[in-house]
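Peer 1: okay, sequence plus prediction incoming.
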Amino acid sequence: MSISSCPTTTGSIPICPQKPWSTFFMADKKQKSEPEFIRGTVLASILLLLIFIAAGVVFARNPDAVRGAAVRTLSSLGNFSAAAELAGDMEGDEARAQSLYHVAGKMLSAGSFEDAAELFRSLGEYSDSAEKYLEAEYAYADALYNDGSYERAMEVFSAVSAYGDAAERQKACVYAMAAEAYEGGEYLRASTLFAGLSSYEDAQERAFDAALRITGDADAAAVIVSSGGLSAEAAEKAADIAMLRSSLPLGRLAVGSYHTVYIRDDGTAAACGDNSDGRCDVSGWTELVQVCAGAKHTAALRADGTVVAAGDDSYGQCDVGDWRNVIAIAAGEYDTVALLADGSIVSCGYHSYDSLKGADQYTRIFAGSYGAAAVNSLGQLVSSNKSITAENAQLLLELPIGTGCHAALYADGRLVSSVLGDEVWENIVQADISPRALLAVDGDGNIRSRFFRESDSVEFPVSGRAVLCGAGTEHYVFVLEDGSLAAFGDNSYGQCDVQKLAAKAAKD
């Protein structure tokens with residue numbers, strides 16, 4: 001029946017009942033003979049089968065080509081996760097790397113910086129993936145900064161500090177964090193962060209301003225800035241400790257396992273004790289400002305920022321001749337560590353201390369028995385050993401590290417240590433630790449000690465106020481207020497003959 005012959009009409013428009021599509025096919029079937037219809041259907045089915053077989057042959061012969069095309073399509077559609085997963089399934093190394101690189105590039109262009117960086121990083125040395133990784137990480141950090149995620153941005157910039165101006169952008173992040181803390185009334189955090197930026201923009205002025213809001217006193221505020229930040233309650237104690245420490249000959253006494261070294265007033269050095277490996281051969285050193293001692297070696301910092309060393313060099317712990325622009329040194333048993341003017345750390349010896357050689361900018365370093373640590377510009381402690389910790393690293397003055405233990409001396413004079421348990425020593429100005437004891441000197445010149453075993457205890461009958469202490473394996477040395485030295489304990493190698501050191505200084 002044709003439409004024009006529909007029996008039902010409305011006005012001049014004919015209306016037909018709706019027919020299902022199947023009736024048209026059936027009509028087509030009726031127009032053809034049964035054999036012709038069957039033959040056409042069979043031919044169409046065979047054609048489809050051949051197409052599927054051909055596709056299967058292509059995939060079987062070169063599946064990576066098919067997957068590669070799919071990867072490019074998925075990437076163009078922004079389905080990066082599926083594209084990366086499919087690319088990862090490719091059988092050929094080159095094809096896989098090429099497709100993953102393509103996906104990473106699309107991610108980077110689309111602003112998926114973090115995922116792009118991770119994918120470029122996984123490609124290792126393929127093409128320019130290493131450079132693209134840095135580009136993606138930098139872009140990710142920049143996006144975080146623009147979103148106000150300053151701390152995370154700082155961490156990412158830190159990871160790629162050698163790329164472009166990333167190191168400078170890292171400082172900008174810290175500055176923004178400090179400004180944010182200041183605006184929020186977190187003046188202690190603000191002062192700590194600003195102070196750690198050194199000469200960056202007006203950071204020091206802002207650090208002082210934040211500290212002044214805590215204390216209301218300029219002198220106390222100056223102490224907070226110099227020590228990394230303190231609460232108002234502890235500011236007065238810190239000011240007293242800072243004043244006492246400013247008059248101490250800090251850095252001039254070093255006590256090794258079986259030797260003692262001292263820097264005289266004229267900047268030269270003298271030593272006594274075991275010299276079987278030359279660790280006491282320091283008489284020719286001049287213009288010294290700091291000395292440190294390991295188990296069998298001695299190192300000293302000169303006023304020009306260079307370092308000299310003597311003694312056992314079995315692990316390269318004396319290989320300091322190329323160091324320049326050094327501002328502080330520390331020694332482990334068989335290591336020497338130095339802080340450079342740019343905030344980076346170098347070391348030599350048994351341990352590489354790679355955990356301290358990242359992109360962080362450091363302000364203080366510490367080392368001891370088989371361990372080292374440093375405080376970064378954020379006031380965080382980074383250590384070579386997870387057991388070396390500090391509750392408020394930005395307030396650390398000293399961190400004596402012993403064998404299996406350490407102590408933390410804070411700017412307000414508190415000394416805490418696992419050796420002391422819950423006990424806290426107050427009014428401490430300097431401390432040291434050895435395999436057998438924890439030593440300290442307080443603001444009144446008294447000697448404090450805690451021996452790990454009663455059988456190792458030694459008495460210290462000094463005549464006068466002590467200002468510095470040092471601990472060796474079995475001997476203990478003190479600098480007294482009048483400039484003389486006193487030593488106690490094992491003297492098998494003459495390591496306690498410190499009168500000679502004082503006598504030389506007096507003679508000069």
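Peer 2: Structure's in. What do you need? No experiment lies behind these values; they were computed from the predicted model shown.
Peer 1: now the residue lying closest to residue 89 once chain neighbours are set aside: how far from residue 162?
Peer 2: Nearest residue to residue 89 in three dimensions, chain neighbours excluded: residue 67, at 6.7 Å (CB to CB, 6 or more residues apart in numbering). Where C-beta positions appear, they are placed from N, C-alpha and C, glycine not excepted. Residue 67 is 36 Å from residue 162, where distance means CB to CB, to the nearest Å.
Peer 1: looking at those two, which one has more neighbours?
Peer 2: residue 67 (22 against 9; other CB atoms under 10 Å).
Peer 1: now the host helix or strand of the more buried one: buried residues?
Peer 2: Residue 67 belongs to helix 63-76 when elements are defined using DSSP states H and E. The neighbour-count check on helix 63-76 (16 or more other CB atoms under 10 Å) flags 64, 67, 68, 71, 72, 74, 75 as buried.
Peer 1: would you turn those into JSON lines with pLDDT?
Peer 2: Shown next, in JSON lines, are the buried residues of helix 63-76 (pLDDT from 0 to 100):
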{"residue": "64", "pLDDT": "75"}
{"residue": "67", "pLDDT": "80"}
{"residue": "68", "pLDDT": "80"}
{"residue": "71", "pLDDT": "79"}
{"residue": "72", "pLDDT": "87"}
{"residue": "74", "pLDDT": "86"}
{"residue": "75", "pLDDT": "84"}
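Peer 1: hang on, the earlier thing: which residues are in contact with the residue nearest to residue 89?
Peer 2: Going by CB atoms under 8 Å, 6 or more residues apart in numbering, residue 67 touches 86, 87, 89, 90, 95, 99.
Peer 1: how about a cut-off of 10 Å?
Peer 2: 59, 83, 86, 87, 88, 89, 90, 91, 92, 95, 96, 99 (CB atoms under 10 Å, 6 or more residues apart in numbering).
Peer 1: show the buried residues in these.
Peer 2: Buried residues within those, counting neighbours by 16+ other CB under 10 Å: 83, 86, 87, 90, 95, 96, 99.
Peer 1: hmm, residue 95 and the second one touching each other?
Peer 2: No. Contact between residue 86 and residue 95 fails when scored by CB atoms under 10 Å: they sit 11.4 Å apart.
Peer 1: re earlier: may I see the buried ones among the contacts of residue 67 organised as CSV, with secondary structure added?
Peer 2: Formatted as CSV, these follow (DSSP: H, G, I helix; E, B strand; the rest coil):
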residue, secondary structure
83, helix
86, helix
87, helix
90, coil
95, helix
96, helix
99, helix
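Peer 1: and of those residues, the nearest to residue 462?
Peer 2: Distances from residue 462 to these, taken as CB to CB, are shortest for residue 96 (72.1 Å).
Peer 1: wait, that closest one touches residue 85, no?
Peer 2: No. Applying CB under 10 Å, one finds residue 96 not in contact with residue 85, separated by 11.7 Å.
Peer 1: just to revisit the earlier point, farthest pair within the buried ones among the contacts of residue 67?
Peer 2: 83 and 95 (13.7 Å).
Peer 1: and for those two, which residues touch both?
Peer 2: By CB under 10 Å, 6+ apart, the residues touching both residue 83 and residue 95 are 67, 71.
Peer 1: re the thing from before, just give me the closest of the buried residues of helix 63-76 to residue 414.
Peer 2: Distances from residue 414 to these, taken by CB to CB, are shortest for residue 75, at 58.0 Å.
Peer 1: who are the contact partners of that closest one?
Peer 2: Going by CB under 10 Å, 6+ apart, residue 75 touches 82-84, 86-87, 99, 102-107, 109-110.
Peer 1: same thing with residue 225?
Peer 2: By CB under 10 Å, 6+ apart, the residues touching residue 225 are 191-192, 194-195, 204-212.
Peer 1: show me where the protein has helices.
Peer 2: Applying DSSP state H to the chain gives helices spanning 21-31, 34-61, 63-76, 80-88, 93-110, 113-122, 129-146, 150-159, 166-183, 187-195, 203-215, 218-227, 232-246, 499-507.
Peer 1: between those, which one is nearest to residue 281?
Peer 2: helix 499-507 (14.5 Å).
Peer 1: now the closest one: average pLDDT?
Peer 2: Here helix 499-507 scores 64 as its mean pLDDT.
Peer 1: and stretch 469-485, by the same measure?
Peer 2: Stretch 469-485 carries an average pLDDT of 96.
Peer 1: where does pLDDT dip in this protein?
Peer 2: Where the chain drops to pLDDT under 70, the residues are 1-62, 215, 217, 219-220, 223, 226-235, 359, 503-508.
Peer 1: so it: which segments form each domain?
Peer 2: 68-147, 165-245, 248-500 (the TED database).
Peer 1: picking up where we left off before, farthest pair within the contacts of residue 225?
Peer 2: 192 and 205, at 15.0 Å, using CB to CB across the contacts of residue 225.
Peer 1: can I get the contacts of residue 67 in CSV with distance to residue 352?
Peer 2: Putting the contacts of residue 67 into CSV (distance: CB to CB, whole Å) gives the following:
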residue, distance to residue 352
59, 50
83, 40
86, 41
87, 36
88, 34
89, 38
90, 38
91, 39
92, 38
95, 38
96, 34
99, 37
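Peer 1: which neighbours do residue 96 and residue 85 share?
Peer 2: The contact lists of residue 96 and residue 85 share residue 71, where a contact means CB under 10 Å, 6+ apart.
Peer 1: need the contact list for residue 331.
Peer 2: Counting by CB under 10 Å, 6+ apart, residue 331 touches 254, 256, 291-295, 297-299, 309, 317, 337, 349, 367-368, 372.
Peer 1: meant to ask about residue 476
Peer 2: Residue 476 touches 255, 260, 432, 434, 436-437, 439, 447, 449, 458, 460, 469-470, 486-490, 496, counting by CB under 10 Å, 6+ apart.
Peer 1: now, of those residues, which are buried?
Peer 2: For these, buried by 16+ other CB under 10 Å: 255, 260, 432, 434, 436-437, 439, 447, 469-470, 486-489, 496.
Peer 1: the domains of the chain: which one's closest to residue 158?
Peer 2: domain 248-500 (4.2 Å).
Peer 1: just the endpoints, please. Distance across that closest one?
Peer 2: One end of domain 248-500 sits 21 Å from the other (CA to CA, to the nearest Å).
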